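[1] Predicted coordinates and the sequence they were generated for:
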Amino acid sequence: MMTTEAAEDGKARTGQPWSVRLGRAWRALLGEPDYGPFALGAAAGTEVAIAHPHAAVIEALVNGLHAPAIVLDRDGRVIAFNSAAASVAPALRPREPALISLRTPELVDAIRRAGKRREPQRVEFFDRVPLDRWFEAFVTPVKLPGLERTADLLLITFNDLTPLRRVEQMRADFIANASHELRTPLAALLGFIETLQGPARDDAAAREKFLGIMRVQAARMARLIDDLLSLSRLELNAHLQPNTPVELAPVVRQVVDGLMTLARDRGVDMKVSAPDEPLVVLGERDELVRALENLVENALKYGAAGKRVDITLVRGQTRAGTPEVRITVRDFGPGIPPEHLPRLTERFYRVDVADSRSQGGTGLGLALVKHVLNRHGGRITIESTPGAGAAFTMHIPLHSAETGQGSKSQ
Ligand code: ADP
């Protein structure tokens, strides 16, 4: 029975408890006549629980479902819902009218249509509270055989579309970014070709100059396509962990030797420090070379002002205590403001787009590094003090033969 003062108050003010008024509102929404007492099995105008003939069975079934599910009685009151549904609609309360807790207009409308037409309804909606999420809901009228019409139910199930929508959004952003990146050098190439065919047709000096620029732009497009292909190959093989033992000191040496000319051009001194003991990981050598090359090249390009780049190879431990190898590339350039750090490994993310482009960057380098490390069961960490430089560390699990745990030997 209704006992609280507020409820008595509500009754006194209007002559009817709120549940009766909402029940009437619900039936009005369904477009039905006010055919009987609001509470099945209870006296009209009371707040006593509805005794649905199958309430216990319904509740057990709903609790066994993985997806969010809510069951309403014909009057729109909640008979049962599972914990997944509670996270979609935290205001759900047993026996209360669903109108109170499911405030999304599209959903309320679908429930109304399903109740009125006795036909299943599907609806998509976006919920901001408690988190930004997209859902599709199926509202299905359930007829219980052998029972009177008032025992019929509405089953509402939800499907969380958020991950799917995020992937769709990422794909759309990715295509937009990739096209934009390709369009810029392509527009430059077309412009120079037109100039060379027209006004600069007989100007040998201009031709030399323009061909030089065109070469740079074409190389940039080729690099972008290379990086895109590498990324998609890495994604295809993301679930295949490489199993060839690779010693890392020679990898570091190969990368440093390969970038010596760039370092000289930029006036940067590269220093390598590695232990005497061999540090071996299970990996794809070419991918590890490519990843480290990206980090050292970035340090030489963006950190050139520091005049020094240190590359350190050490044995370390993860937080969980498992042995790992760390390769740190540290520069002493301008560093990176902290707000950019969490997003640096996103595709096409750059701190300064013009700076990256002028250095021939594609914005894909750190995304590639992250993918390579994921595939190797490792990770990348970035530290930076603006004004004092940046340190990028590749963490890769140490091969267990090296840790004395006796797996594959080299
Ligand atoms: P890019 O092709 O632009 O170099 P990356 O993914 O390799 O792409 O790097 C993303 C961005 O991170 C760069 O554009 C640059 O703004 C920033 N960055 C990377 N390394 C450094 C560094 N050592 N010092 C300062 N900024 C860096």
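    Right, received. Where do you want to start? Residues are numbered from 1 along each chain as shown.

[2] What residues does this structure have near the ligand?
    Proximity of the chain to the ligand (C-beta under 6 Å from any ligand atom) is limited to residues 294, 298-299, 302-303, 331, 333, 336, 344, 350-352, 356, 361-367, 390. C-beta here means a position set from N, CA and C on the backbone, and glycine is covered the same way.

[3] what stretches of the stretch 251-400 of the chain score poorly on pLDDT?
    For the stretch 251-400 of the chain, no stretch has pLDDT under 70.

[4] center of this protein, which residue is that?
    With distances taken as C-alpha atoms, centre = their mean, the residue of the chain nearest its centroid is R166 (6.4 Å).

[5] That residue sits in which helix or strand?
    Assessed by DSSP states H and E, R166 sits inside helix 162-197.

[6] Can you say which helix or strand has R233 in it?
    helix 204-236.

[7] what about that helix, distance to the chain center?
    With C-alpha atoms, centre = their mean, to the nearest Å as the basis, helix 204-236 stands 30 Å off its chain's centre.

[8] Also compute the angle for that helix relative to helix 162-197, please.
    160 degrees (axes from the mean of the first three to the mean of the last three C-alpha atoms, to 10 degrees).

[9] I'd like the next helix or strand past helix 204-236.
    Helices and strands here follow DSSP H and E; after helix 204-236, the next one along the chain is strand 244-247.

[10] Which strand or helix spans I111?
    Assigned by DSSP H and E, I111 belongs to helix 105-117.

[11] Residues touching whatever helix or strand comes next after that helix, excluding its own?
    Scanning forward in sequence from helix 105-117 by DSSP H and E, the next helix or strand is strand 121-127. Here strand 121-127 makes contact (C-beta atoms under 8 Å, 6 or more residues apart in numbering) with 88, 104, 106-107, 109-111, 113-114, 132-139, 161.

[12] what is the mean pLDDT for strand 121-127?
    Averaged across strand 121-127, the pLDDT comes to 92.

[13] so what strands line up beside it?
    Each strand paired with strand 121-127, and its direction, by DSSP bridges: strand 133-142 (antiparallel).

[14] buried set for the partner strand?
    By neighbour count on 16 or more other C-beta atoms under 10 Å, the buried set for strand 133-142 is R133, W134, F135, A137, F138, V139, P141.

[15] likewise stretch 140-149?
    For stretch 140-149, using 16+ other C-beta under 10 Å, the buried residues are P141.

[16] Using PDB, write out the CA atom coordinates for it.
    Coordinates of each C-alpha in stretch 140-149 appear next as PDB, following Å, rounded to 0.1, in the frame of the first residue of the first chain:
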ATOM      1  CA  THR A 140       8.400  -7.200 -29.500                       C
ATOM      2  CA  PRO A 141       4.800  -7.900 -28.300                       C
ATOM      3  CA  VAL A 142       4.700 -11.300 -26.700                       C
ATOM      4  CA  LYS A 143       1.300 -13.100 -26.600                       C
ATOM      5  CA  LEU A 144       1.000 -15.600 -23.800                       C
ATOM      6  CA  PRO A 145      -1.200 -18.500 -24.900                       C
ATOM      7  CA  GLY A 146      -4.100 -19.400 -22.700                       C
ATOM      8  CA  LEU A 147      -4.000 -16.300 -20.700                       C
ATOM      9  CA  GLU A 148      -6.300 -13.300 -20.900                       C
ATOM     10  CA  ARG A 149      -5.200 -10.400 -23.100                       C
END
